[in-house]
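task: produce atomic coordinates for the following.
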Amino acid sequence: MKTDRILLVPFLALALLASGAARASAVPADELARVLGHYEAVRQALLADRTAGVAGHATAIEKAARDLSAGLTAESAGVPAPKLADTKALLPQVATAAARLAAAKDLEAARAAFGELSKPLVRWREMASGPRPAVVYCSMLKKACLQPAGELGNPYYGQEMPSCGEVVSKSR
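Here you go, the predicted model:
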């Protein structure tokens, strides 16, 4: 029994060191990636002709944009240092559009607000480095949105025309 404990202590210490090293070397997700997680959940809901959950994700985007206004760095924004001021200027637009999306009362209003939210996020994405979603453009409505690589999913028309649109900037 005592021998088991003696062997276990170095193993636990090694495991703790390894997990700490892994955490220290892991690259933290930038704030755009965090915002885009909520954005993608909204896009998926609208694509499925649903509004359930949209307000919660929109509120999270609004909060993130407001919180970021004070302490955004080029690293946390995922942009080169010369683009930081431009990125900060987008945050009030993101927050306002996200608040409008959170307050949407029906699918049509949610889709309109999503289009407004997409505008500053597409601009942020264009300035950002690293992996980014594709920019998809719906020529019928003259609106863009972001989405991961793969099959097109038009949130503006949902299930009526789910694959309407074209990729104008590939994911990277």
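
gap between the residue nearest the centre of the chain and P120?
Note on the chain: the residue nearest the mean C-alpha position is L36, at 0.7 Å, using CA atoms, centre = their mean. Separation of L36 from P120 (CB to CB, to the nearest Å): 12 Å. Just so you know, the C-beta spots here come from the backbone N, C-alpha and C atoms, and that holds for glycine as well.

list the contacts of the residue nearest to the centre of the chain.
Going by CB atoms under 8 Å, 6 or more residues apart in numbering, L36 touches 121, 133, 146.

what sits up against the helix or strand harbouring P120?
According to DSSP states H and E, P120 maps onto helix 107-127. For helix 107-127, the external contacting residues (CB under 8 Å, 6+ apart) are 32, 35-36, 39, 42-43, 46, 49-51, 54, 58, 61, 77, 79-80, 83, 86-87, 90, 93-94, 97-98, 100-101, 103-104, 132-133, 135, 141, 143-146, 155-156, 158, 169.

dump the C-alpha coordinates for the helix or strand just after it into PDB.
Downstream of helix 107-127, the first helix or strand assigned by DSSP H and E is strand 134-138. C-alpha atoms of strand 134-138 as PDB (Å, rounded to 0.1, in the frame of the first residue of the first chain):
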ATOM      1  CA  ALA A 134     -16.500  32.000 -45.300                       C
ATOM      2  CA  VAL A 135     -18.400  35.100 -46.400                       C
ATOM      3  CA  VAL A 136     -21.600  34.100 -48.300                       C
ATOM      4  CA  TYR A 137     -23.600  36.700 -50.300                       C
ATOM      5  CA  CYS A 138     -27.300  36.400 -51.100                       C
END
